[in-house]
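[1] Got a sequence here, can you model it:
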Amino acid sequence: MVFGPPPWRLVATCTRGLEEVLAGELRELGAGDVAPGAGSVSFAGDLAAVHEANVRLRTGMRVLVTLVRGRTPGRKGLYALASRVPWEDLIPPGSTFAVETVGKAPGLEHSGFAALVVKDAVADRIRGRRGARPDVDRRNPDLRVHVHLGRHGTSISLDSTGEPLSRRGYRHHGGAAPLAETLAAGLLLLAGYDGGAPFADPLCGSGTLVAEAALIASRTAPGLRRSFAFERWPFHDPAVLDDVRHRAALDRREPPRPIRGADRSRRAVATAGENLRRAGMHRWVELAVADVREMAPLEPGTLVVTNPPYGERLGETTGLEGFYRELGDALKRRAAGCTAWLLVGNRELAGAIGLRASRRIRLFNGPIECRFLRFDLYEGSRRHGEGGDTGVGE
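    Predicted coordinates for the structure are as follows:
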């Protein structure tokens, strides 16, 4: 299928494990023909759907517009496939482009080589029609071409997003192993959070979970204030984007229940406050400097979602077993009547929590395979070894 009139075949990418959550988001937006894949969800839509997905999706990373799909047996096959696209209609004179390639295919195991093949196909086709090759700008191109190589076929798409949707703009990316914003939102949606219950993250760090909780509870579209790659497309209609943003802004509300974050690091709490201000969510989140092991009792019905350190990324496994035992004790004693979800990336540390997990979901935090564990807390929650299950297996 060569790119043509809508409905187009669109693809939203995501963190592995969040495909069904992303598919649910797309269905709520009214997308058609939604089909979850591996690390992505395909759907059908037009230019307005592209805009809507970029502005509103909480768990999507990129939104791609499929130009052409097919089999690519080596260099010649990839060149022929890329040459079918009417690039002269997509890249006006004086505009620049860049090619990004992911995956592998027979005869195309090196992504840099595959990108070069597609670049040559684009440039050669335009030169054949205009007499001049377009310029490549890898840092700030007008058109971003995304190539996905697979064993069973290749797709060539336009990247409508540019800077990944995880970059909301409110956080300086750094600090001690922070969650991506899209993964944080995915954890909250998996936990069933919609703002209707009190929320707490007693290990808030730089505040990503509380910021995403405030965005969800206030019904604020995460992409409301950022720019996108599609704004430089020759067929972009600014009025469509203005309409999408206007409707998204009308959906906003004041969160109905409290949102709280705490951390024992005064510096982390200060950073969380700065991030919340940049996100415009500071007035809806209460922050405190407090050790989770000494946290104040939580209101029954509170949803706790947190990402405790799990050592593999930070090299701090030694000594964390005791912390996890104390974390489990604190939840049992101070969160009776609440539900807690913990993202855990180490099986041994998960076992140290000592509480029974009622649900477990396999997710990836970057390259780290994790378990997102649910604990239904009540007075006298059973310890591991008393008929309990830490829930770290499949």
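
[2] just checking, what's the longest helix in this structure?
    Criterion DSSP state H: the longest helix present in the chain is helix 111-130.

[3] could you point out which element follows that one?
    Counting by DSSP states H and E, the next helix or strand C-terminal to helix 111-130 is strand 135-136.

[4] Apart from its chain neighbours, what residue comes closest to residue 353?
    Nearest non-adjacent residue to residue 353, counting by C-beta to C-beta, 6 or more residues apart in numbering: residue 328, 4.0 Å away. Bear in mind the C-beta positions are built from the backbone N, C-alpha and C, glycine included.

[5] counting contacts, what elements does the helix or strand containing the one you found pack onto?
    Element membership of residue 328 [criterion: DSSP H and E] is helix 320-334. The contact analysis (3 or more C-beta pairs under 8 Å, 6 or more residues apart in numbering; DSSP states H and E) places helix 320-334 against helix 347-352.

[6] Could you identify the helix or strand that succeeds the helix it packs on?
    strand 359-365.

[7] Using CSV, write out the CA atom coordinates for that following strand.
    C-alpha atoms of strand 359-365 as CSV (Å, rounded to 0.1, in the frame of the first residue of the first chain):
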residue,chain,number,x,y,z
ARG,A,359,-2.0,-9.4,40.6
ARG,A,360,1.3,-9.2,38.7
ILE,A,361,2.0,-7.6,35.3
ARG,A,362,5.2,-8.1,33.2
LEU,A,363,6.6,-4.8,32.0
PHE,A,364,9.9,-3.3,30.9
ASN,A,365,11.5,-0.2,32.4
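
[8] Next secondary structure element downstream of that strand?
    Following strand 359-365 in sequence, per DSSP H and E, is strand 368-376.

[9] For whichever strand or helix holds residue 268, which outside residues touch it?
    Element membership for residue 268, per DSSP H and E: helix 266-279. Helix 266-279 has contacts (C-beta atoms under 8 Å, 6 or more residues apart in numbering) with 168-172, 175, 204-208, 210-211, 214-215, 261-263, 282, 285, 287-289.

[10] in stretch 37-51, what's buried?
    Neighbour-count burial for stretch 37-51 flags 40-43, 45, 47, 49-51 (criterion: 16 or more other C-beta atoms under 10 Å).

[11] Pull up the per-residue confidence for the residue nearest to residue 353.
    The score at residue 328 is 96. That number is its pLDDT.

[12] again, but for residue 108
    Residue 108 is given a pLDDT of 86.

[13] how deep is the residue nearest to it when sequence neighbours are not counted tucked in, by neighbour count?
    Once flanking residues are discounted, residue 108 sits nearest to residue 114: 4.7 Å by C-beta to C-beta, 6+ apart. By other C-beta atoms under 10 Å, the residues close to residue 114 number 25.

[14] Quick check: can you name the pairing partners of the longest strand seen in the chain and their directions?
    For the chain, the longest strand by residue count, based on DSSP state E, is strand 60-70. Strand 60-70 has the following strand partners under DSSP bridges: strand 8-14 (antiparallel), strand 153-159 (antiparallel).

[15] Mind checking what helix or strand follows it in sequence?
    Sequence-wise, the next helix or strand downstream of strand 60-70 (DSSP H and E) is helix 74-83.

[16] counting contacts, what elements does that following helix pack onto?
    strand 60-70, helix 111-130, strand 153-159.

[17] Next, format those as TSV and append mean pLDDT.
    Formatted as TSV, the helices and strands packed on helix 74-83 follow (pLDDT from 0 to 100):
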stretch	mean pLDDT
strand 60-70	97
helix 111-130	96
strand 153-159	95
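
[18] Show the contacting residues for the nearest residue to residue 326 once chain neighbours are set aside.
    Leaving aside its chain neighbours, residue 326 sits nearest to residue 293 (4.7 Å; criterion: C-beta to C-beta, 6+ apart). Listed by C-beta under 8 Å, 6+ apart, the contact set of residue 293 reads 326-327, 329-330.

[19] If we only consider these, which is nearest to residue 82?
    Taking C-beta to C-beta as the measure, residue 82 lies nearest residue 327 of those, at 52.1 Å.

[20] who's in contact with that closest one?
    Contacts of residue 327 by C-beta under 8 Å, 6+ apart are 292-293, 308, 353.

[21] Just the buried residues of the residues you listed.
    Going by neighbour count (16+ other C-beta under 10 Å), the contacts of residue 327 have 292, 308, 353 buried.

[22] Quick check: closest non-adjacent residue to residue 95.
    residue 142 (4.1 Å).

[23] Could you measure from the one you found over to residue 162?
    11 Å (C-beta to C-beta, to the nearest Å).
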